[in-house]
Each structure stands twice: as C-alpha cells, then as structure tokens.
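> just a sequence and a predicted model for now, questions to come.
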Amino acid sequence: MIQIAPSILSANFADLARDIAAVERGGADLIHVDVMDGHFVPNITIGPVVVRAIHKVATRPLDVHLMIEDPDRYIDDFISAGAAMVSVHQEVLPHLHRTIAFIKGRGAKAGVVLNPSTPVSSLEEIANDVDFVLVMSVNPGFGGQAFIRDSVDKVRRVRDLLTRTRSTASIEIDGGIDATNAAEVVAAGASILVAGHAIFGSSDPEAATRALRDSTSSAAGTRR
Ligand code: DX5
Ligand code: ZN
C-alpha cells in the first residue's frame with residue numbers, strides 16, 4: 001500500500017485547515033509536519049502548539065518530522081499534541097535506540113531519518129526497532145528543492161538492508177517528490193511519499209494529491 005503524505009511546509013499557514021481539508025479530499029493518508037529549529041537546519045517552522053491546532057482539524061494521522069538539535073527534549077510534547085508518527089534524525093542522536101524506544105513506549109510510530117550524506121549502513125543496528133525509515137532526498141531545511149537522483153539507489157539499498165535484517169519497517173521518502181519521480185521511488189521500495197511543493201505549490205492541492213498517487217500505480221502493481 002502506498003501512502004501519500006502532503007507536507008504542510010508549502011501550505012498557506014494562515015489557512016491550514018482549508019489546505020489540510022483539500023488534501024484529505026484528494027486522498028492524503030497522512031499529514032506530514034516539518035518541525036525546524038534554526039539550529040539543526042537553517043529554517044525555523046513550528047512547535048507543539050501548532051501541531052495541537054492541526055490535530056484538531058486533521059482527520060488523518062500526523063507524521064511529525066523533527067529537524068531539531070535536541071529532539072529528546074520535545075518528543076513528549078509533540079506526542080501529547082497529537083503526533084501519531086515521530087521521526088528523528090540519526091545525525092543528532094548518540095542514543096538513538098533509547099529515543100526510538102521512548103517514542104514507541106508513548107504509543108506513536110517511530111522513524112529514523114537519514115540525511116543524503118548519512119550512510120545506509122548506519123541503520124544496521126536499529127533496523128529492527130523502527131517502524132519506518134525516512135530517506136531524505138534533499139538536504140533538509142526548505143521545501144521546493146530539487147530531488148537528489150542518487151536517492152533512488154539509496155532507497156533500493158535501504159530496502160535490501162531491511163530485507164536482510166528481517167525488519168518490517170516501511171520506507172518513507174521526503175524531498176523533491178512529484179509525479180515525475182514517484183513511480184521510480186516506489187519501484188525502489190518506498191511506500192510513504194512526502195510531497196510539499198508538488199501538492200501545495202499547485203493551484204489545486206486536492207487534484208495534485210490524487211495525481212501523485214495515480215502516478216505511482218504502474219510501479220505499485222509490479223512491485224515484488
Ligand atoms: C524538507 C522537508 C520536507 C519538505 C518537502 O526539509 O523535510 O518535508 O517539505 O518539500 P518538497 O516536496 O517541496 O521538497
Ligand atoms: Zn519532512
């Protein structure tokens with residue numbers, strides 16, 4: 001099953017309820033929420049207060065992507081605010097195993113995120129503990145960046161590692177995803193597709209959500 005996760009980073013922040021309703025009508029499975037602190041990434045976005053407000057209007061699970069320097073300090077607040085999925089970056093967590101156990105213990109799905117320069121092999125010891133692996137296909141920080149082509153092969157290598165370690169984790173991909181590359185990342189093994197600009201940068205986010213899913217159908221039918 002392919003899940004479409006529109007990223008509200010490119011939505012209208014003064015009218016989030018309207019934009020979220022549009023992508024939900026278009027068949028969004030998840031709502032992807034990008035949290036940035038101005039330290040781990042150059043940009044600053046939103047915190048638990050806004051996540052709580054979004055949780056009140058969204059009818060799909062919130063997929064909260066933490067691009068912050070000290071996620072352990074805030075995970076509890078984001079889950080209390082309504083995060084159903086929480087992903088944390090490998091690059092900032094020396095005690096990743098403990099962080100993942102904490103997220104799961106609080107009843108949310110736990111994901112580990114790899115930046116473009118972080119090796120697939122870093123998943124080796126955590127693959128069996130996570131619910132999903134998020135492969136960044138841009139350097140995190142901003143919406144609307146160009147898809148890094150090597151990410152297709154990286155997804156394939158993550159897929160191989162998960163198979164080899166008998167992990168049931170799903171693969172999510174985030175950054176520069178649109179209808180021109182969605183089918184190939186699905187064929188490579190991704191099943192959760194994040195898209196910001198391709199959906200909210202369009203004049204019709206509802207139709208763009210549907211179009212993104214439709215663009216994956218050829219790959220999904222032939223996968224494995
Ligand atoms: C990038 C964020 C992404 C971003 C994706 O730092 O993690 O979720 O919103 O946006 P697009 O699809 O525009 O690359
Ligand atoms: Zn994201």
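Yep, that arrived. Ligands and ions are numbered 1, 2, ... in the order given.

> what's residue 216 in contact with, if anything?
Residue 216 makes contact with 2, 182-183, 186, 193, according to C-beta atoms under 8 Å, 6 or more residues apart in numbering. In this view, the C-beta of every residue, glycine as well, is placed from N, C-alpha and C.

> for it, give its distance to residue 92.
31 Å (C-beta to C-beta, to the nearest Å).

> then residue 4?
From residue 4 over to residue 92 the distance is 27 Å, taken as C-beta to C-beta.

> okay, the two: which has more neighbours?
Neighbour tally, residue 4 and residue 92, criterion other C-beta atoms under 10 Å: the higher count belongs to residue 4, 25 against 18.

> which residues pair with the more buried one across the strands?
Here residue 4 sits in beta bridges with residue 193, going by DSSP bridges.

> surely it and residue 195 touch.
Yes: taking contact to mean C-beta atoms under 8 Å, the distance of 7.3 Å between residue 4 and residue 195 places them in contact.

> now the common contact residues for the two.
Listed contacts common to residue 4 and residue 195 are residue 212; contacts here mean C-beta under 8 Å, 6+ apart.

> the lengthiest helix in the chain near ligand 1 at all?
Ordering each helix of the chain by length in residues (DSSP state H) puts helix 205-222 first. No: when contact is scored as C-beta under 6 Å from any ligand atom, no part of helix 205-222 falls within range of ligand 1; the minimum is 10.1 Å.

> any idea of the mean pLDDT for that helix?
Predicted confidence along helix 205-222 averages 85 (mean pLDDT).

> what's the answer for stretch 133-144, then?
pLDDT averaged over stretch 133-144 gives 98.

> repeat that for stretch 37-45.
Here the average pLDDT along stretch 37-45 is 98.

> indicate whether it makes contact with ligand 2.
No: against ligand 2, stretch 37-45 shows no contacts by C-beta under 5 Å from the ion, the least distance being 9.9 Å.

> residue numbers of the protein in contact with ligand 1?
Along the chain, the residues adjacent to ligand 1 under the rule C-beta under 6 Å from any ligand atom are 7, 9-10, 32, 34, 65, 138, 140-145, 174-177, 194-198.

> among those residues, which lie within helices?
Mapping these onto helices (DSSP H) picks out 197-198.

> just the buried ones from the residues of the chain next to ligand 1?
Neighbour counting by 16 or more other C-beta atoms under 10 Å classes 7, 9-10, 32, 34, 65, 138, 140-143, 174-177, 194-198 among the residues of the chain next to ligand 1 as buried.

> which secondary structure element contains residue 168?
Under the assignment given by DSSP states H and E, residue 168 is not contained in any helix or strand.

> let me see the contact set for it.
Residue 168 makes contact with residue 162 under the criterion C-beta under 8 Å, 6+ apart.

> so the residue in the chain that ligand 2 sits nearest to bridges to which residues?
Nearest residue of the chain to ligand 2, counting by C-beta to the ion: residue 65, 3.8 Å away. Note on residue 65: beta-bridge partners residue 34, residue 87, judged by DSSP bridges.

> quick one: the helices in the protein, in order.
Defined through DSSP H, the helices belonging to the chain, from first to last, are 16-25, 48-57, 75-80, 96-105, 151-164, 182-188, 197-200, 205-222.

> now, of these, which is deepest in the fold?
For those, ranked by mean neighbour count under the definition mean count of other C-beta atoms under 10 Å, the leader is helix 197-200 at a mean of 25.

> what lies in contact with that helix?
Helix 197-200 is contacted from outside by 6-8, 10-12, 19, 23, 143-144, 176-179, 205, 208-209, 212, using C-beta under 8 Å, 6+ apart.
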